[in-house]
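Undergrad: would you be able to build a 3D model of this:
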Amino acid sequence: MSVIATDMLAGTAAYRLDAGPSPRLSTDFLNRYSEALMLIEMVAMDESVLADLQAWQAVGYREHFAASALRCAASALAAYDELNPNRARAFDEACRAMTRLIRTVTALLTETPPPPELPAIIEVAGEALRRQIARATQFINANGAIDIGLFEDTALQAEIDALLAR
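TA: Residues are numbered from 1 along each chain as shown. Okay, here's the model as predicted:
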């Protein structure tokens, strides 16, 4: 069964954030991917942004919060440690997929001369990354209580595969 993350009713009782004392995952981690998305989309307007995109580094969820000074860092790490191991692996794989997409697009953006289809590459990659971030956000907002694999979008995967096959 496939469910698109944006179609999921995040406000339903099964997916609502609890106000209780249990540890919670944090979407702060996804800011790193949102930053890369912003840089990818800005490259078309300002090539000097490419250096920032090339300097972008992926960091795992655990590493992000271990180095974080945020008040929620300890809770975010505890919630991650409490995840079902299969769901944690699936989440980590989704993050690795976002990282591969960012690195692939970055490599394409550094080609000289730029490929003529560069605007289309940026558009497809940006939309794919935006959807992947939404998927990871839904998982985090549900505190890992849902299977991130439920949000697999076959059209999205086909777009990513086509981009990587270039």
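
Undergrad: what residue ranges in the chain are flagged as low confidence?
TA: 1-21, 151-166 (pLDDT under 70).

Undergrad: hmm, what's the outermost residue in it?
TA: Here the chain reaches farthest from its C-alpha mean at residue 113, the gap being 29.1 Å by Cα atoms, centre = their mean.

Undergrad: mind checking what secondary structure that residue has?
TA: coil (DSSP: H, G, I helix; E, B strand; the rest coil).

Undergrad: how far away is it from residue 95?
TA: 32 Å (Cβ to Cβ, to the nearest Å). C-beta coordinates here come from the backbone N, C-alpha and C atoms, glycine included.

Undergrad: please apply the same query to residue 132.
TA: 9 Å.

Undergrad: and those two? Which one has more around it.
TA: Using other Cβ atoms under 10 Å, the more surrounded residue of residue 132 and residue 95 is residue 132, with 24 against 21.

Undergrad: isn't that one up against residue 99?
TA: No: between residue 132 and residue 99 there is no contact under Cβ atoms under 8 Å: 10.1 Å.

Undergrad: residue 28 and residue 70: what is the separation?
TA: For residue 28, the distance to residue 70 - Cβ to Cβ - is 6 Å.

Undergrad: should've said residue 60
TA: 16 Å.

Undergrad: spatially central residue for this protein, please.
TA: residue 133 (3.6 Å).

Undergrad: ok, that residue touching residue 33?
TA: Yes: applying Cβ under 8 Å as the test, residue 133 and residue 33 come out as touching, 5.3 Å apart.

Undergrad: between these two, which contacts overlap?
TA: residue 98 (Cβ atoms under 8 Å, 6 or more residues apart in numbering).

Undergrad: what secondary structure does residue 132 sit in?
TA: helix.

Undergrad: can you pull the contacts of it?
TA: 33, 94, 97-98, 101, 156.

Undergrad: going through these, which ones are buried?
TA: Buried by 16 or more other Cβ atoms under 10 Å: 33, 94, 97-98, 101, 156, out of these.

Undergrad: okay, and which of those residues map to helices?
TA: In this view, the buried ones among the contacts of residue 132 that belong to helices under DSSP state H are 33, 94, 97-98, 101, 156.

Undergrad: and the furthest pair within the residues you listed?
TA: Spatial extent of these (Cβ to Cβ) is set by the pair 33 and 156 at 14.8 Å.

Undergrad: what about stretch 100-116, start to end distance?
TA: End-to-end span of stretch 100-116 (Cα to Cα, to the nearest Å): 22 Å.
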